[in-house]
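Asks: sequence isn't available, so here's the structure alone:
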């Protein structure tokens, strides 16, 4: 039984790159799309925000000398490319999907419309929110929280490389401890790098729960039920 009916799934762009680390890996995007399609069949309403780090990161580009606003603009285009690719992968699974962008780019995709997004979700259409917030200096984590609130989601599901939030990077520190649950305040006080502070503050202000889990086969649908392993972020 689903414990979350409507969710926003946040994926990193790198998650779609597979072992190549750059671009889009066809086998990876296919199985992720199938996971999402299966969750809709099981009764979930799913929205998505996908980062653009498999193409470019604004912060990294600016570190190399590019104007940060210009770098972030390129990053927004990267998120749109990922959203369109995921839409195609979902449709190949027989799942209806629609891309909405925070910046106008018709006819490639539609412009963000909150009420239409909710209507689509209620009709079992996966909605992909592209181009972040439409503004530079905001991460796609912040965009994911914003869109989750606007589309009245029950939770924001953040897929990562590890199975939750740890006291330190578990890859580098073998003594790192995983939290089963944690408050927004604790994340900020401990300076845990699961999301940027703007995203955490926005989620806290609107009391939006966040569930952090590992992206692997079967984990998304499990995370929507009581069987999910990860970290639950709350007040």
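Replies: The structure has been received and is ready for your questions. Not measured: the values here are computed from a predicted model.
Asks: hey, let's count contacts and neighbours off CA atoms from now on
Replies: Will do.
Asks: which parts of the protein are helices?
Replies: In the chain, the helices defined using DSSP state H lie at 26-41, 58-63, 68-92, 114-122, 140-150, 184-190, 197-205, 219-223.
Asks: by mean pLDDT, which helix or strand of the protein comes out lowest?
Replies: helix 58-63 (a mean of 76; mean pLDDT, DSSP states H and E).
Asks: now for that helix, which elements pack on it?
Replies: Packed against helix 58-63 by the contact rule (3 or more C-alpha pairs under 8 Å, 6 or more residues apart in numbering; DSSP states H and E) you find helix 68-92.
Asks: which residues are contacting the helix it packs on?
Replies: Applying C-alpha atoms under 8 Å, 6 or more residues apart in numbering, the set of residues contacting helix 68-92 from outside is 13, 24, 29-30, 33-34, 36-37, 49-59, 61-62, 96-99, 101, 109, 128-132, 134-137.
Asks: buried among these? Need that as a selection in ChimeraX.
Replies: To isolate the buried members of those in ChimeraX, using 16 or more other C-alpha atoms under 10 Å:
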select :13,24,29,30,33,34,36,37,49,50,51,52,53,54,55,56,57,58,59,61,96,97,98,99,101,109,128,129,130,131,132,134,136
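Asks: highest mean neighbour count out of the helices of the chain?
Replies: helix 140-150 (a mean of 23; mean count of other C-alpha atoms under 10 Å).
Asks: what's it packed up against?
Replies: Counting by 3+ C-alpha pairs under 8 Å, 6+ apart, helix 140-150 packs on strand 6-11, strand 45-50, strand 155-160, helix 197-205.
Asks: at 10 Å instead, please
Replies: The helices and strands touching helix 140-150, judged by 3 or more C-alpha pairs under 10 Å, 6 or more residues apart in numbering; DSSP states H and E, are strand 6-11, strand 45-50, helix 68-92, helix 114-122, strand 126-130, strand 155-160, helix 197-205.
Asks: tabulate these (a markdown table), appending distance to residue 141 and mean pLDDT.
Replies: Listed next are the helices and strands packed on helix 140-150 as a markdown table, based on distance: least, C-alpha to C-alpha, whole Å; pLDDT from 0 to 100:
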| stretch | distance to residue 141 | mean pLDDT |
| --- | --- | --- |
| strand 6-11 | 7 | 98 |
| strand 45-50 | 8 | 98 |
| helix 68-92 | 12 | 96 |
| helix 114-122 | 18 | 98 |
| strand 126-130 | 12 | 98 |
| strand 155-160 | 9 | 96 |
| helix 197-205 | 6 | 96 |
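Asks: quick one: closest of those to residue 142.
Replies: Nearest to residue 142, of all the helices and strands packed on helix 140-150, is helix 197-205, at 4.2 Å by C-alpha to C-alpha.
Asks: which helices and strands does that closest one pack with?
Replies: Using 3+ C-alpha pairs under 10 Å, 6+ apart, helix 197-205 is in contact with helix 140-150, helix 184-190, strand 210-214, strand 230-234.
Asks: at 7 Å instead, please
Replies: helix 140-150, helix 184-190 (3 or more C-alpha pairs under 7 Å, 6 or more residues apart in numbering; DSSP states H and E).
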